[in-house]
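Colleague: need a 3D model of the sequence below.
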Amino acid sequence: MGKPLHVGIIGAGLAGLRCADVLLQSGMKVTILEARDRIGGRVCQSNVGGASVDLGAHPSGPNWIHGTQNNPLVEISERSNTITDSWDGPQATFDTAGKQLGPALCTKVADFMWMTIDRAFTLSQKDTANIPPSKSLLDFFKEELEKTGFSQLEKDACLELSKMWGGYIGSPIERQSLKFFYLEECLEGTNLFVASTYKNILQYIAKPALEGADIHLNEPVVAVDGKNRSSGTDSQVLVRTSAGKKYLFDEVVATFPLGWLKRNKAAFSPPIPQRLSEAIDNISYGQLEKIYVNFPATFWRNTDTPVTSPSFIFFSPTYVDHPPSPYWNQDCFSLADLPQSCAHPALLFYTYGACAEHVVSKISPYSPDSEEYYNILHDFLHPYFSRLPGYDAQSPLCRPTSFLATKWQSDSFAGNGSYSNFQVGLANGLADIETMREGMGADRGIWLAGEHTAPVVGLGTTTGAYWSGEEVAKRICDTLSKKN
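Modeller: Residues are numbered from 1 along each chain as shown. Next up, the predicted model:
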C-alpha cells in the first residue's frame, strides 16, 4: 500500500535472481548490487577447444542437476531448451598402480560403497543424537568393511573408492561428519548432467530481474548497516560499496557465499549476533576445482578395446610423484559421450582438498593461454589420461590442444572455495543451518540467502540457492503484509 518497499539484493547469483523475481511479482522495487561484471555468480561458462563449458564450483550445481523429483531446475531446463543427459552406471576404475579393475571387482566395490553410503544416511537420520561429533564417514566405512568377508585387496579397493566422496563435498572423506551426514542428502531421482551448460537455465531465471530490477554490476559491497526494528522508527538499511557509494533500502537480502561471510563478519554493523556468528564458523566450506582438457580426437573411444563407461575413476596413484597426501585420486568424465549436439573430445576432471590447492597454487601466476599454464596441467593430468585405452604417446591425437582449470579458492567473491559442507566436530549442524536461514531479517532487515541457507535436500546445490532466494522473498512479503 502506498510507496513500494525498496529491497536491495546483494549478489546476482541464482539466489538473488530468484529472490528478485518473487519480489517484483509482489510489486516491490528491487535493486541488485553485483560485485562481478556479469550476473550468475558461480554459475558461469567459458570456452575450451571451441566448446562452451560450465565453470560452476559444485558438481551438484553446474555441471549437474542432482535429483529430478520436485526439482524446479528440471522444469526450467525443459522450458529453456537445455539439453541434459543421464550418466548413471558403472565407472571404469583404475587402481593405485594404474591398472583397470576387472568388471566383477569393480561392481563389487561400487556396490559396497553405495550400500554403505545408504546405511550411513539412514544411521545419521535415525540416530544423529547418539553419534559423536568426532566420528567421520571414513570411520563408518572402516567399521562396515570389518563386517565383510572381503579379501585385503577388496578392502583396499573399497577404501580407495570411498575417497571419491571428497568430490561431492570438496574435502577429504575423513572430514565428513557422520553425525550430520543426512544434511548432505539431495533430492530423489535421476542425476542429470547439463550437457548444453547452465547458460539457458541462467538466462531463464534472470529474465524477470533483467527486465524489472535495477542491476548495478562491478559494485562489491563492503559494509551493511542494519536497522533497529525495536526503536519503532522506519529506519533503513545502509549498504556501502568498495567505490564509496551508499544505498538505502527498506530491506536487504545478502547472498554472500558462506566463505565470504566467514572472512567478512566485520562488514556488518551492529556486529552479527553471537549465535549467527557461531553458525557461520561451524559450517565448513569445501574446495572443489574442475579441469577441462581438450584433445584433437577421442582416442579413448577410437580403439579396438574402448572403455564402455562415460566416466573414469583413478585411485590415488603410486605411479605419480606428488606431495605426501593420500588424496591424489581423480574423478573424470568423458564429454565425448554427451548427446551428439553437445559432444566434444574433452575430459572433465574433478579435484579437491590438498590436490586442488596444489594445482591452483601452481597455475595461479600464469595466464590460461601461456605455455607455463599448459605444461603444469599437462604434467599433472598426463599420468591419468595416459592410462586410458588407445593412448599412444607418439600420436598427435593424444596430445591435448588446451586446458582450462577453475580457481574458485582464489576467488574472494566466491568466498575462496566452492560450497558448504558438514565436517567432523560439528555439534549442532541443523540448528546452525536454521540460524543462518533465519538471518537478521526480523531485527535488522538483513536476510541471508544462498546454498548454505537452503532446505536440507538443497544444501550445497544450485537448486538450494534458487529455493533460498524464493523463501526469503516470501518471508519479506509476509513481514510487509503483517506490518500493513
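Colleague: shaky segments in the stretch 201-350 of the chain?
Modeller: Flagging of the stretch 201-350 of the chain using pLDDT under 70 yields the residue ranges 229-234, 305-308.
Colleague: can you give me the strands in it?
Modeller: 214-216, 221-225, 237-241, 246-249, 251-254, 268-269, 284-285, 288-294, 311-314, 330-334, 346-352 (DSSP state E, counting those that start in this stretch).
Colleague: show me what counts as buried in the fourth one.
Modeller: This points to strand 246-249. 247, 249 (16 or more other CB atoms under 10 Å). In short, each C-beta sits where N, CA and C put it, glycine included.
Colleague: rewinding a little: for Asp411, which of the strands of the stretch 201-350 of the chain is the nearest?
Modeller: When the strands of the stretch 201-350 of the chain are compared for distance to Asp411 using CB to CB, the nearest one is strand 288-294, at 10.8 Å.
Colleague: residues making contact with the closest one?
Modeller: Strand 288-294 is contacted from outside by 48-49, 51, 53, 55, 57-59, 167, 170, 335, 344-352, 356, 359-360, 377, 380-381, 385, 400-409, 418-419, using CB atoms under 8 Å, 6 or more residues apart in numbering.
Colleague: hmm, back to that, can you redo the strands of the stretch 201-350 of the chain as TSV with distance to Ala97?
Modeller: Formatted as TSV, the strands of the stretch 201-350 of the chain follow (distance: least, CB to CB, whole Å):
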stretch	distance to Ala97
strand 214-216	53
strand 221-225	51
strand 237-241	54
strand 246-249	59
strand 251-254	49
strand 268-269	52
strand 284-285	33
strand 288-294	22
strand 311-314	11
strand 330-334	15
strand 346-352	19
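Colleague: and those: which comes nearest Thr148?
Modeller: From these, taking CB to CB, the stretch that ends up closest is strand 311-314, at 20.3 Å.
Colleague: how far does stretch 239-252 stretch from one end to the other?
Modeller: Chord length of stretch 239-252, first to last residue, is 9 Å (CA to CA, to the nearest Å).
Colleague: now what about it, what contacts it?
Modeller: Taking CB under 8 Å, 6+ apart as the rule, stretch 239-252 contacts 5-10, 31, 33, 219-226, 236-238, 441, 445-447, 476, 479.
Colleague: rerun that using 6 Å as the cut-off
Modeller: For stretch 239-252, contacts defined as CB atoms under 6 Å, 6 or more residues apart in numbering pick out 5-8, 219-224, 236-238, 445-446, 476.
Colleague: for those residues, which one is nearest Leu178?
Modeller: Closest approach to Leu178 among the contacts of stretch 239-252 (CB to CB): Ile446, at 33.7 Å.
Colleague: please work out which of the strands of the stretch 201-350 of the chain is packed deepest.
Modeller: Most buried of the strands of the stretch 201-350 of the chain, by mean neighbour count (mean count of other CB atoms under 10 Å): strand 251-254, with a mean of 29.
Colleague: mind checking how far it is from the chain centre?
Modeller: On the basis of CA atoms, centre = their mean, to the nearest Å, strand 251-254 sits 23 Å off its chain's mean C-alpha point.
Colleague: and it, which strands flank it?
Modeller: According to DSSP bridges, strand 251-254 forms sheet pairs with strand 6-10 (parallel), strand 446-448 (parallel).
Colleague: mind listing what's buried in the last one?
Modeller: Neighbour-count burial for strand 446-448, counted by 16+ other CB under 10 Å, picks out 446-448.
Colleague: still on that earlier bit, and of the contacts of stretch 239-252, the nearest to Ala427?
Modeller: Ile446 (25.8 Å).
Colleague: any idea how far Ala267 is from that closest one?
Modeller: 11 Å (CB to CB, to the nearest Å).
Colleague: what of Ile280?
Modeller: As judged by CB to CB, Ile280 and Ala267 stand 12 Å apart.
Colleague: which of the two has more neighbours?
Modeller: The residue with more neighbours, out of Ile280 and Ala267, is Ile280; 22 against 18, by other CB atoms under 10 Å.
Colleague: does that one touch Gly259 like I think?
Modeller: No. Between Ile280 and Gly259 there is no contact under CB atoms under 6 Å: 9.9 Å.
Colleague: between the contacts of stretch 239-252, which is nearest Asp21?
Modeller: Once CB to CB is applied, the member of the contacts of stretch 239-252 that ends up nearest Asp21 is Val7, at 12.1 Å.
Colleague: that closest one: what's it in contact with?
Modeller: By CB under 6 Å, 6+ apart, the contact list for Val7 reads 23, 28, 30, 251.
Colleague: and the first one, what element?
Modeller: If you go by DSSP states H and E, Leu23 is part of helix 14-25.
Colleague: quick one: Val320 and Tyr384 touch, right?
Modeller: No. Between Val320 and Tyr384 no contact is recorded; they are 8.3 Å apart, counting by CB under 6 Å.
Colleague: and of the strands of the stretch 201-350 of the chain, who's closest to Ser134?
Modeller: The closest of the strands of the stretch 201-350 of the chain to Ser134 is strand 284-285. By CB to CB, the value is 14.6 Å.
Colleague: okay, now the sheet partners of that closest one, with direction.
Modeller: Assessed with DSSP bridges, strand 284-285 is paired to strand 420-421 (antiparallel).
Colleague: before we move on, back to that, mind putting the strands paired with strand 251-254 in TSV, mean pLDDT and distance to Ser309 included?
Modeller: Shown next, in TSV, are the strands paired with strand 251-254 (pLDDT from 0 to 100; distance: least, CB to CB, whole Å):
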stretch	mean pLDDT	distance to Ser309
strand 6-10	97	43
strand 446-448	97	41
